[in-house]
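K.L.:
this one's structure only:
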């Protein structure tokens, strides 16, 4: 038997797990968001591709998703702006009829040692990475509650997947704003999950480790940098955006319907604290 191509394997894995569902992915024109939007389309969902800058890249993602025979469009919105988030979800409900899946992925870094970090650097990261996820979740939940469970579509009334990070539990010197935002995402997710589960809404998080994306290019784009990075990863490879995308599709599908309030670490073992593998 001849092995299939990578795309064929991914297609078989997704198995149209979210067929007919409507998904919104924020920050979906590059990196993890791009891979996730494409994976959801491959798995049968209609997808809204959110972006704040990079319209051409967003439209390229839309075109690829449409190639799977589903619907997609790009929507520019800053997730830290309440009015823009309200408008984005309202447009999605108007065009697609509803929303079934929110992947709150949009995020950024503004790195500096804590004593040199400006309030603007701190606030921007908190506004996008944490407040942005809350605003998107709040608007999605309004539609989940209004519509309720549609059994022929999904066993739940709606699914939220918060994009977190290993740094929701692993401190990261020089990145106090980012680590704090992701720690907040973890507790926000758990609190929303506790509050919303009785209404049939599932809220979970996916927490990437070191992934080969533009946001952390300096950590892997030379052999020396990648060698240093691999010391932190017991599985001895840098993750790919598709590793995260596949996890999101699974979490958002009925395949994992009984998973509520959980963080799935997709990190090659980074959270196993490999520095202690030989006794510390």
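P.N.:
Great, that's in hand. None of these values were measured; they are calculated from a predicted model.

K.L.:
switch to C-alpha atoms for all contacts and neighbour counts from now on
P.N.:
Fine.

K.L.:
Any regions of this protein where pLDDT drops low?
P.N.:
Of all residues in the chain, those with pLDDT under 70 make up the ranges 1-14, 220-221, 280.

K.L.:
Kindly recompute the last result at 80.
P.N.:
In the prediction, the chain carries residues with pLDDT under 80 at positions 1-15, 214-222, 224, 276, 279-280.

K.L.:
residue ranges of the helices in the protein, please?
P.N.:
Taking DSSP state H, the helices of the chain run over residues 6-14, 31-42, 55-66, 82-96, 119-126, 132-147, 176-196, 223-230, 241-252.

K.L.:
just the ones you listed: most buried one?
P.N.:
Among the helices of the chain, helix 31-42 has the highest mean neighbour count (mean count of other Cα atoms under 10 Å), at a mean of 27.

K.L.:
now that helix against helix 241-252, angle please.
P.N.:
50 degrees (axes from the mean of the first three to the mean of the last three Cα atoms, to 10 degrees).

K.L.:
Mind giving me the packing neighbours of the strand ranked longest in the chain?
P.N.:
Ordering each strand of the chain by length in residues (DSSP state E) puts strand 201-208 first. Counting by 3 or more Cα pairs under 8 Å, 6 or more residues apart in numbering; DSSP states H and E, the packing neighbours recorded for strand 201-208 are strand 158-163, helix 176-196, helix 241-252, strand 263-266.

K.L.:
Partner strands of that strand and their direction?
P.N.:
According to DSSP bridges, the neighbouring strands of strand 201-208, each with its direction, are strand 158-163 (parallel), strand 263-266 (parallel).

K.L.:
starting at the chain centroid, how far to stretch 26-42?
P.N.:
Here stretch 26-42 shows a centroid-to-chain-centroid distance of 8 Å under the convention Cα atoms, centre = their mean, to the nearest Å.

K.L.:
ok so, going back, the strands paired with strand 201-208: which one's closest to residue 64?
P.N.:
strand 158-163 (22.1 Å; Cα to Cα).

K.L.:
Contacts for that closest one, please.
P.N.:
Here strand 158-163 makes contact (Cα atoms under 8 Å, 6 or more residues apart in numbering) with 99-106, 133, 137, 141, 144, 149, 185, 189, 200-208, 248, 251-252.

K.L.:
Might you calculate how far that strand sits from the centre of the chain?
P.N.:
Offset of strand 158-163 from its chain centre (Cα atoms, centre = their mean): 8 Å.

K.L.:
and if you look at stretch 154-167?
P.N.:
Here stretch 154-167 shows a centroid-to-chain-centroid distance of 8 Å under the convention Cα atoms, centre = their mean.

K.L.:
Ends of it, what's the gap?
P.N.:
In stretch 154-167, first residue to last residue: 32 Å (Cα to Cα, to the nearest Å).

K.L.:
Identify each buried residue in that stretch, please.
P.N.:
Of the residues in stretch 154-167, those buried by neighbour count under the rule 16 or more other Cα atoms under 10 Å are 154-167.

K.L.:
how about these in CSV, adding distance to residue 271?
P.N.:
Conversion of the buried residues of stretch 154-167 to CSV gives the following (distance: Cα to Cα, whole Å):
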residue, distance to residue 271
154, 32
155, 32
156, 30
157, 32
158, 29
159, 25
160, 23
161, 20
162, 18
163, 16
164, 13
165, 10
166, 7
167, 9
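
K.L.:
ok, these vs residue 90, which is closest?
P.N.:
For the buried residues of stretch 154-167, the closest approach to residue 90 (Cα to Cα) belongs to residue 158, at 15.9 Å.

K.L.:
So that closest one versus residue 24, what's the distance?
P.N.:
Computed with Cα to Cα, the distance linking residue 158 and residue 24 is 12 Å.

K.L.:
Over to residue 95?
P.N.:
Applying Cα to Cα, one obtains 12 Å for the distance of residue 95 from residue 24.
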